[in-house]
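A.B. asks: my questions are about this predicted structure, shown below with the sequence.
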Amino acid sequence: MIIIIEGAERDRHSTLIDEMFRMRATVFADRLEWDVTVTDGREIDRFDAEDPLYLLSLDERTGALQGAVRLLPTTSPNMLRDVFPVLVPGGAPASPLIWESSRFAVNPATFNACERTEANHVVNRTTIELLCGIVEVCQRAGVEHVVSVFDARMARIFRTIDCVFEVIGTPTRIGRTMTYAGIFDMSDTMRKRLGEAGRLLAPVLANVEPRQTPIPRHA
């Protein structure tokens, strides 16, 4: 299941948020070796101060954190515009109808003890669940598209699960990998494709009623 936590309400969910920041350090600094700042075992950047929405995937039986992603409006500071402008020489999208997703991560702790086949299933299901959650949140908030920066590895995953995207700007090699800016359609068609890929046809959001989706402060 997916729960939503507003950046302004992080203190009410301090344990989960702390676990998310620690997971991000493990994924982005330790495993992927990205150039990120880790302090006291937590990966936190300046965009976490912009009151984003966090989508957290939790195990329905244990409540364990399985993965997370961050959403920000493109009308406020965001990673594509302010960190990766090289990817969009013509300028990054900026619209109340377009949000940005970033810091998409699946928790290694949820599958370290699994057999390889089961671990791959957990990773794929969590990935698709988070993507379904993004679509559902955006639809309830009236957001039509999401932009994201991702590498060649994630591009392959998106294609495998039929998560269609359009490359915008100019793909560029950053560090050791080709990096893309892509835009995703938050449509019923997208949700249907993802649901079929992950057998997640029912809504995945756990704590949001229709038209009550919180919106980041700068949207």
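C.D. replies: Done, it's in.
A.B. asks: all helices of the chain, in order?
C.D. replies: 14-24, 79-82, 116-141, 152-160, 188-198 (DSSP state H).
A.B. asks: as TSV, these with mean neighbour count and distance to residue 4 would be great.
C.D. replies: Just so you know, the C-beta spots here come from the backbone N, C-alpha and C atoms, and that holds for glycine as well. Output for the helices of the chain, formatted as TSV (neighbours: other Cβ atoms under 10 Å; distance: least, Cβ to Cβ, whole Å):
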stretch	mean neighbour count	distance to residue 4
helix 14-24	18	11
helix 79-82	19	20
helix 116-141	20	7
helix 152-160	14	22
helix 188-198	17	16
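A.B. asks: if you average pLDDT over each of the ones you listed, which is lowest?
C.D. replies: In terms of average pLDDT, helix 116-141 trails the rest of the helices of the chain, at a mean of 83.
A.B. asks: one step back: mind checking which of the helices of the chain is nearest residue 64?
C.D. replies: Smallest distance to residue 64 across the helices of the chain (Cβ to Cβ): 8.9 Å, for helix 14-24.
A.B. asks: where's that closest one relative to the chain centroid, distance-wise?
C.D. replies: Put simply, helix 14-24 sits 15 Å off its chain's centre (Cα atoms, centre = their mean, to the nearest Å).
A.B. asks: before we move on, what about stretch 181-193?
C.D. replies: 14 Å.
A.B. asks: rewinding a little: just send the helices of the chain back as TSV, with distance to residue 56 too.
C.D. replies: Supplementary listing: the helices of the chain in TSV, determined by distance: least, Cβ to Cβ, whole Å:
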stretch	distance to residue 56
helix 14-24	6
helix 79-82	19
helix 116-141	9
helix 152-160	19
helix 188-198	17
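A.B. asks: so which of these gets nearest residue 61?
C.D. replies: Taking the helices of the chain one by one with Cβ to Cβ, helix 116-141 is closest: 13.0 Å.
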